[in-house]
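Undergrad: Quick one, what's the 3D model for this:
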Amino acid sequence: MTRYLFPSVGLIFFLSCATKGPSGPDPSASDVQLDPPPQGQGVQLAIPPFSVPQGDEVQRNYFMTLPSDSDLYVTRVEFRYNEGSHHCNVFKSDSLTMPEGTFTETFITLDYTKWDMFTASQREAFTWQLPPGVAIYLKAHQQICIQTHYVNASTQETPTARGKVLLNLWSMPASEVTSVAGLLFASNTRIILPPGSIDTVRKFVVKIPWDINILTLTGHFHSRGRNFWAVRFTTGEEFYRNVSWDEPPIKVFPDMGYPLIRNEQIVYYSDYYNASADTVYMGPHVENQEHSNLFMVYWPGPANGKTIYDVDQGW
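TA: Next up is the predicted model:
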């Protein structure tokens with residue numbers, strides 16, 4: 001059954017290894033750099049440098065409040081992070097207050113009833129300008145979580161053995177905003193790949209009950225993934241394809257976006273080849289598990305500002 005919110009049974013978020021302030025290696029010239037927006041034009045968010053030892057996967061959730069005394073209408077998003085990150089997802093919360101600058105290193109899923117994803121990237125250098133008048137809305141001093149997953153093992157490498165994330169959120173005046181963007185995150189949990197198997201999984205994405213325009217779309221899987229594509233169910237028209245698991249294209253649709261009418265449905269597919277001698281199941285670890293996820297930013301977003309989570313079994 002499709003749900004708008006992923007239930008937290010067995011996935012309650014624990015601050016299991018919270019530590020104050022930056023951790024790991026000292027800053028180095030090898031770390032990524034990015035100038036912040038000038039004062040009054042936006043803010044910069046950051047995960048300070050941390051260690052990613054050889055042979056390890058590290059997923060870090062880093063907590064902060066939005067460093068802005070006023071509400072922010074984000075019109076441009078600019079990611080920069082050290083090579084080796086498998087993904088970087090950014091969340092906001094209206095119900096949680098986490099100690100400033102603390103973090104967890106855990107693969108336990110965030111409680112999606114309390115955290116709303118508002119932007120994400122699988123590319124270490126990605127800049128996206130929203131269309132005129134469309135913005136991502138953030139409240140002054142809102143609780144933020146930046147989640148990044150680094151891999152320094154056989155499927156991916158972190159060359160410097162160091163993670164670091166910088167994110168610029170460029171803003172525009174509230175008077176220029178005509179529509180607020182929303183985000184949909186879909187995940188197909190039905191992935192079982194026996195040794196030596198070739199398989200395709202399919203998922204129908206939850207219907208959005210109003211007309212929308214898709215601004216960006218990304219398909220996500222791990223190293224056994226060979227092909228990911230999305231189509232309109234009504235016409236079969238393909239509008240996204242990805243054949244690169246570690247550097248998937250973030251498709252930015254031109255002009256004001258790719259239109260879908262009310263209750264029109266998206267279907268997406270993932271092809272896999274499991275060349276290993278082990279059965280591979282759905283899970284967060286790149287080395288020995290798989291994903292079939294879709295990230296979609298669109299406008300107009302819902303009036304309540306909530307992310308639509310569609311996490312269930314596909315076919």
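Undergrad: excluding its backbone neighbours, what's nearest the residue of the chain lying at maximal distance from its centre?
TA: Largest separation from the mean C-alpha position in the chain: A277, at 30.3 Å (CA atoms, centre = their mean). Closest residue to A277 apart from its sequence neighbours, by CB to CB, 6 or more residues apart in numbering: P195 at 5.0 Å. Where you see a C-beta, it was placed from the backbone N, CA and C, and this is true even at glycine.
Undergrad: got it, and S270?
TA: S292 (4.1 Å).
Undergrad: need the contact list for that neighbour.
TA: Going by CB atoms under 8 Å, 6 or more residues apart in numbering, S292 touches 187-188, 191, 201, 203, 220-221, 225, 228, 268, 270, 282, 314.
Undergrad: so which of the residues you listed is the most crowded?
TA: S270 (28 neighbours; other CB atoms under 10 Å).
Undergrad: so that residue is in which element?
TA: For S270, the host element (DSSP states H and E) is strand 266-273.
Undergrad: tell me the mean pLDDT for that strand?
TA: For strand 266-273, mean pLDDT rounds to 97.
Undergrad: same question, stretch 283-301
TA: Mean predicted confidence for stretch 283-301 is 97.
Undergrad: still on that earlier bit, what's next to the strand holding S270, contact-wise?
TA: 186, 188, 191, 193, 197-205, 219, 221, 224-233, 240, 260, 280, 290, 292, 294, 296.
Undergrad: how about a cut-off of 6 Å?
TA: 193, 198-205, 221, 224-231, 233, 292, 294 (CB atoms under 6 Å, 6 or more residues apart in numbering).
Undergrad: so what's T216 up against?
TA: Taking CB under 6 Å, 6+ apart, we find T216 in contact with 250, 252, 297.
Undergrad: Just these: which are in strands?
TA: 252, 297 (DSSP state E).
Undergrad: and the gap between I47 and I136?
TA: 19 Å (CB to CB, to the nearest Å).
Undergrad: Check S93 too.
TA: Distance, S93 to I136, using CB to CB: 15 Å.
Undergrad: Which of the two has more residues huddled nearby?
TA: Shown here are S93 and I136; by other CB under 10 Å, I136 has more neighbours (25 against 17).
Undergrad: So that one sits against D116, correct?
TA: No. At 10.7 Å, I136 does not count as touching D116 under the criterion of CB atoms under 6 Å.
Undergrad: T97 looks like it's in a helix, true?
TA: No. Counting by DSSP: H, G, I helix; E, B strand; the rest coil, T97 falls outside a helix, being coil.
Undergrad: quick one: the residue lying closest to it once chain neighbours are set aside from V90, how far?
TA: What sits nearest to T97 in space, not counting adjacent residues and going by CB to CB, 6+ apart, is Q143, at 6.1 Å. Per CB to CB, Q143 is found 12 Å from V90.
Undergrad: So between the two, which is more surrounded?
TA: V90 (23 against 20).
Undergrad: check contacts around S154.
TA: S154 touches nothing, counting by CB under 6 Å, 6+ apart.
Undergrad: Next, it: secondary structure please.
TA: Per three-state DSSP, S154 ends up coil.
Undergrad: and it, backbone torsions?
TA: phi -80, psi -30 (degrees, to the nearest 10).
Undergrad: how near is it to G133?
TA: For S154 relative to G133 (CB to CB), the value is 46 Å.
Undergrad: Just confirm Q129 contacts E78, I think it does.
TA: No. With contact defined as CB under 6 Å, Q129 does not count as touching E78 (9.5 Å).
Undergrad: Those two: which has the busier surroundings?
TA: Neighbours per residue, other CB under 10 Å: of Q129 and E78, the larger number sits with E78, 21 against 12.
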